[in-house]
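*Asks:* Okay, predicted coordinates and the sequence, questions at the end:
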Amino acid sequence: MTETNLHPWPHDLDKALRVRIIARATEINGKLLARLATVADDLDAGGHLAALGGLDGIERQIETMRAFLLLLR
């Protein structure tokens, strides 16, 4: 039989987790912005294949960032 924890998490721990989640989402966002800037440069230079390569896997990073942010709900 499992016991239910009747004690809520300390406010400091909750705040620390929130800060860490936001920091991680911010880090991913910065990487996404850099990738998209590179893709934009590739497109401006006529390099559609390079732009396509730069977009490869971007959905996974967006979903990861979204999952982190959903934890804050």
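*Replies:* Great, that's in hand. Numbering: from 1, shown residues only.
*Asks:* Buried residues of whichever strand or helix holds A25, list them for me.
*Replies:* Element membership for A25, per DSSP states H and E: helix 11-44. By 16 or more other CB atoms under 10 Å, the buried positions in helix 11-44 come out as I21, A25, I28, R35, V39, D42. Glycine gets a C-beta too; all of them are placed from N, C-alpha and C.
*Asks:* can you put these in a markdown table and add pLDDT?
*Replies:* What follows is the buried residues of helix 11-44, written out as a markdown table (pLDDT from 0 to 100):
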| residue | pLDDT |
| --- | --- |
| I21 | 96 |
| A25 | 97 |
| I28 | 98 |
| R35 | 97 |
| V39 | 98 |
| D42 | 98 |
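*Asks:* I'd like those residues as CSV, with distance to H48 appended.
*Replies:* Below are the buried residues of helix 11-44 laid out as CSV (distance: CB to CB, whole Å):
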residue, distance to H48
I21, 36
A25, 30
I28, 25
R35, 16
V39, 10
D42, 8
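*Asks:* Please name the nearest non-neighbouring residue to the most centrally placed residue in the chain.
*Replies:* Centroid-nearest residue in the chain: M65, 2.3 Å away (criterion: CA atoms, centre = their mean). Spatially, and ignoring its direct neighbours in sequence, M65 is nearest to I28 (4.3 Å; CB to CB, 6 or more residues apart in numbering).
*Asks:* so that neighbour touches Q61, yeah?
*Replies:* Yes: assessed by CB atoms under 8 Å, I28 is found in contact with Q61 at 5.7 Å.
*Asks:* Check the nearest residue to R24 once chain neighbours are set aside and give its pLDDT.
*Replies:* Closest residue to R24 apart from its sequence neighbours, by CB to CB, 6+ apart: F68 at 5.5 Å. With respect to pLDDT, F68 has a value of 96.
*Asks:* Backbone dihedrals for F68, please?
*Replies:* phi -60, psi -50 (degrees, to the nearest 10).
*Asks:* related to what we said a few turns ago, helices and strands around the helix holding A25, which ones?
*Replies:* helix 48-55, helix 58-70 (3 or more CB pairs under 8 Å, 6 or more residues apart in numbering; DSSP states H and E).
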